[in-house]
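Peer 1: got a predicted structure plus its sequence, pasted below:
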Amino acid sequence: MDLKQFLIRKLILFFMLSTLITFAMYILGTAFDPQVRFGYESFLSPLIYAGCCVVPSLVTWSKRELKPKELVVREGLQFLLTEAVVLFLAFRSRMIDTSRPAVVLGLAGSVLIIYLLVFLFSFLANSVQAKQVNQELQAFQRLHGEDKRQPLS
């Protein structure tokens, strides 16, 4: 995959993360701090978190096709770095009460769920795209491949 395609995928990842982080913040906020009301600046926090969470995903870039073991290691590293970034930001934030263990566990758990959902959505999108490419390739082969086939003697 070239760098342009890689960066486009990271942009898609950013928008998926923004949506899922916003939803997770709503769930965690209403569960742990239902009395808190935010100002308009709270709309920026999912974008900041998503942007910071895209950075660890850069460890998966490679000019060559990764072996399955290498991919698993890089995905694991990406997840750990993402958890670290989110928890670092949470502990630095005045809006998140990290003195309560339930809040920290809820935050760490939501990162895991979001990571798994992004992985699932990406897998489904890539599967649909691969299926479409295979169908187009088969159609191309049917149209152009039969004319050039020579019978075996």
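Peer 2: Received the coordinates, thanks.

Peer 1: residues contacting residue 121?
Peer 2: residue 16 (CB atoms under 8 Å, 6 or more residues apart in numbering). (Each C-beta comes from the backbone N, C-alpha and C, glycine too.)

Peer 1: tell me which element it falls in.
Peer 2: According to DSSP states H and E, residue 121 maps onto helix 101-140.

Peer 1: state the mean pLDDT of that helix.
Peer 2: Helix 101-140 comes out with an average pLDDT of 91.

Peer 1: what residue ranges in the chain score low on pLDDT?
Peer 2: For the chain, applying pLDDT under 70 flags the ranges 1, 38-41, 146-153.

Peer 1: could you redo the last one with a cut-off of 80?
Peer 2: Residues of the chain meeting the criterion pLDDT under 80: 1-2, 36-44, 145-153.

Peer 1: and the next element down the chain from the host helix or strand of residue 5?
Peer 2: According to DSSP H and E, residue 5 maps onto helix 3-32. Moving toward the C-terminus from helix 3-32, the next helix or strand (DSSP H and E) is helix 44-54.

Peer 1: what residues does that following helix touch?
Peer 2: With CB under 8 Å, 6+ apart as the criterion, helix 44-54 contacts 10, 13-15, 17-18, 21-22, 25, 82, 85-86, 89, 93, 95.

Peer 1: show me which positions of it end up buried.
Peer 2: Buried residues in helix 44-54, counted by 16 or more other CB atoms under 10 Å: 45-46, 49-50, 53-54.

Peer 1: buried ones in the helix holding residue 121?
Peer 2: Those would be 103-104, 106-107, 110-111, 114-115, 117-118, for helix 101-140 by 16+ other CB under 10 Å.
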